[in-house]
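Student: build me a model from this:
(4 chains)
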Protein chains: 2
Amino acid sequence: MLNRRDRKKLQTRAALMSAALRLAEERGLDHVTVEEISEAADVSPRTFFNYFATKDDAIIGEPVADGPSVCDRLLAVPAEVPLVAAVLTALVPEIEQIQADRDIWLLRMRVIKDNSALLPILVAKGAIAEQEWAGAIATRLGLPAGGYFPLLAATLTGTAVRAAMMRWADRSDDNPGDQNLLELVREAFGVLAEGLNTPIKKGD
Amino acid sequence: MLNRRDRKKLQTRAALMSAALRLAEERGLDHVTVEEISEAADVSPRTFFNYFATKDDAIIGEPVADGPSVCDRLLAVPAEVPLVAAVLTALVPEIEQIQADRDIWLLRMRVIKDNSALLPILVAKGAIAEQEWAGAIATRLGLPAGGYFPLLAATLTGTAVRAAMMRWADRSDDNPGDQNLLELVREAFGVLAEGLNTPIKKGD
DNA sequence: TAAAAGTTTGCAGAGGCTGCAAGTTCGGCC
DNA sequence: GGCCGAACTTGCAGCCTCTGCAAACTTTTA
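Tutor: Numbers count the residues shown, from 1 in each chain, chains lettered A, B, ... in the order given. A predicted model of the protein is given here:
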C-alpha cells in the first residue's frame, strides 16, 4: 500500500509533469525553464532533477509498469497465432491504458508535435522497449535471440504503433473528430501484415 | 567550383567531425567537451558552433545533398514499379555513397551504438527525410498528400533502412565479417514487401 | 589595392544538469 | 509520546552547452 511519503512523491511527480506540459504547450518547451516548471509545481529546481534526469523527461514521462509486461503477454499468446496478430494482442492493454489517459496523452502528443526535438526522445524510449520485444519475438519464432528478423520486426511494429498514435493525436482540419486508437493501430498492423505494397483500403 | 574559402570550410568541418568521432570513440561522448574537440581541430570553441548547432551534430553529420534527392528519384521511377521496389531504387545512390564512405560510417555507427543518446538524434534526422518521402509516395500512389498511408510507408521504409545499417555496422561475434549494405537493405525491404508474417528465408 | 563579403574569435551570459552537505519530513520501534 | 534512521528536499558551487554581439581577420571582387 502507499504511505504518505509515496503519495506525496506521486503527487509531486504529477505536478511537475503537468506543469511542464501546460507551460510547454503555452509557450513552447524552449521558452520554459526548469526553474519555472519547479516554481509552478512548488518545489525547488534541484528537486526537479531528483524526479527527472532531463527537462524533456518531464514531458515524455516514463511507462509506469505494473502488471505483466508486453513481453510477458506476447509470450503467453498461443504459438499458432501469426506474429502481427500476436503482437497486437499483447499490446491491447497498453493501448487501452493510453485511451484511458486520453487527455494527458493528447496534450503530450500535441506538445511533442510542436517541439520536434521531443519526437526522437519518444522514439528512444520506444527503442528500449522494442529491444525487449525482439527477444520475445525471437523466442516465439524459434529464432536465435540476437538475430536480424526479430529486431526488425520489433522496430517496425513499434514504428507502426507510434504512427498510429500520431494520427490519433492529430485531430486537425479534415480529420474525423474522434477516433479509436486501437482501431488505428489495427489498421497500421494490417499494413505490416499484408506488406507495404498493398495500401490500406478504407479512407486515405 | 570550390574556391579557397569553400575548401577551407569543408576541411574545418571534416576536421571537427573527425576529431569528434575519434575522441568520442576513445572516451565516450559524455567525456568529451566541445572545447576539446575544437582544440583537436585547431579552431576556437565558438567556431565549432558556427559549423554545428549541437555537439551531437558533429557526430551525426548532415546529408551533403548534391545531385537529385531521393524524392526526385522516387518520382522518376515508372509508376508501374511496386512501391517498395521503387523506394529501393531511389535509395540506391545514397546507399552506395555510404558504402563508399564505409570507414567513417562504421566508426560513426560504432559511436552511436556506444552512446545511446545519439540514436534518437539519428532517427530525428531520418524523420525529416521521411516526411519528404511521404509526399513523394503520396504523389506516386495518387493519394492525398497529408494522408496516413504515405507517412506510415515512409516511416517504415526509413526504419528498415536504419535497421539494415545497424546490422551492417554490427560485425560482432558470430556475424560474417563483411556484408553488403545494399544487400541488407534489400532483405529488409523484402520483409516490408511480403509482410511481417513471412520471416525472411535465408540466415536468421 | 581598396571595398565588400564572408569567417573566426573572444566575451558575456542564460540555462541544463550534477555532486555534496545540510536541513526537513516520515515511518517504525521502544 | 519520543527517538532514531531512512528517505526526501533544498541551497550552493560549478561544469558544460549553446547564443548574440562586436571586433578582428581573410578571401573575393571590382
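Student: please count neighbours and contacts with C-alpha atoms only from this point.
Tutor: Will do.
Student: tell me the buried residues in whichever strand or helix holds A:Leu21?
Tutor: Under the criterion of DSSP states H and E, A:Leu21 resides in helix A:4-27. Neighbour counts over helix A:4-27 (16 or more other CA atoms under 10 Å in any protein chain shown) mark A:12-13, A:15-25 as buried.
Student: turn those residues into JSON lines, including distance to DNA strand D.
Tutor: Converted to JSON lines, the buried residues of helix A:4-27 look like this (distance: CA to the nearest atom of the strand, whole Å):
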{"residue": "A:Thr12", "distance to DNA strand D": "6"}
{"residue": "A:Arg13", "distance to DNA strand D": "8"}
{"residue": "A:Ala15", "distance to DNA strand D": "11"}
{"residue": "A:Leu16", "distance to DNA strand D": "11"}
{"residue": "A:Met17", "distance to DNA strand D": "14"}
{"residue": "A:Ser18", "distance to DNA strand D": "15"}
{"residue": "A:Ala19", "distance to DNA strand D": "15"}
{"residue": "A:Ala20", "distance to DNA strand D": "16"}
{"residue": "A:Leu21", "distance to DNA strand D": "19"}
{"residue": "A:Arg22", "distance to DNA strand D": "20"}
{"residue": "A:Leu23", "distance to DNA strand D": "19"}
{"residue": "A:Ala24", "distance to DNA strand D": "18"}
{"residue": "A:Glu25", "distance to DNA strand D": "20"}
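Student: what about the helix holding A:Leu21, near DNA strand C?
Tutor: Yes - applying CA under 7 Å from any atom of the strand, one finds helix A:4-27 in contact with DNA strand C at A:Arg4, A:Arg5, A:Asp6.
Student: for stretch A:108-115, same thing?
Tutor: No - using CA under 7 Å from any atom of the strand, stretch A:108-115 stays clear of DNA strand C, coming no nearer than 13.8 Å.
Student: using PDB, list the CA coordinates for that stretch.
Tutor: The C-alpha coordinates for stretch A:108-115 follow below in PDB (Å, rounded to 0.1, in the frame of the first residue of the first chain):
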ATOM      1  CA  ARG A 108       1.500  15.300 -24.600                       C
ATOM      2  CA  MET A 109       1.400  14.400 -28.200                       C
ATOM      3  CA  ARG A 110       0.400  17.900 -29.100                       C
ATOM      4  CA  VAL A 111       3.500  19.200 -27.200                       C
ATOM      5  CA  ILE A 112       5.700  16.600 -28.900                       C
ATOM      6  CA  LYS A 113       4.400  17.600 -32.200                       C
ATOM      7  CA  ASP A 114       5.100  21.300 -31.600                       C
ATOM      8  CA  ASN A 115       8.600  20.600 -30.300                       C
END
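Student: now A:Phe48. Nearest residue, chain neighbours left out?
Tutor: Leaving out its chain neighbours, the residue that sits closest to A:Phe48 by CA to CA, 6 or more residues apart in numbering or on different chains is A:Ser38, at 6.2 Å.
Student: mind listing what's buried in the helix or strand containing that neighbour?
Tutor: Element membership for A:Ser38 (DSSP H and E) is helix A:34-41. Within helix A:34-41, the residues scored as buried using 16+ other CA under 10 Å are A:Val34, A:Glu36, A:Ile37, A:Ser38, A:Ala40, A:Ala41.
Student: what residues does chain A put near chain B?
Tutor: Those residues of chain A that sit near chain B, judged by CA under 8 Å from any CA of the partner chain, are A:82-84, A:117, A:119-121, A:123-124, A:143-144, A:147-149, A:151-153, A:155-156, A:159-160, A:163, A:167, A:188, A:191-197, A:199-200, A:204.
Student: briefly note if the helix holding A:Ser38 comes near DNA strand C.
Tutor: Yes - counting by CA under 7 Å from any atom of the strand, DNA strand C is contacted by helix A:34-41 at A:Val34, A:Glu35.
Student: packing partners of that helix?
Tutor: helix A:4-27, helix A:45-51 (3 or more CA pairs under 8 Å, 6 or more residues apart in numbering or on different chains; DSSP states H and E).
Student: quick one: the helices in chain A, in order.
Tutor: Secondary structure of chain A (DSSP state H): helices located at A:4-27, A:34-41, A:45-51, A:55-60, A:70-76, A:83-100, A:102-114, A:118-141, A:148-169, A:181-194.
Student: which residue does chain A bring closest to chain B?
Tutor: Scanning chain A for proximity to chain B using CA to the nearest CA identifies A:Gly195 as nearest, at 3.7 Å.
Student: the closest residue to that residue other than its chain neighbours: neighbouring residues, count only.
Tutor: Ranked by CA to CA, 6+ apart and with sequence neighbours excluded, the top spatial neighbour of A:Gly195 is B:Gly195, at 3.7 Å. By other CA atoms under 10 Å in any protein chain shown, the residues close to B:Gly195 number 23.
Student: pretty sure B:Gly195 sits against A:Ala188.
Tutor: No - B:Gly195 lies out of contact with A:Ala188 (CA atoms under 8 Å); the separation is 11.9 Å.
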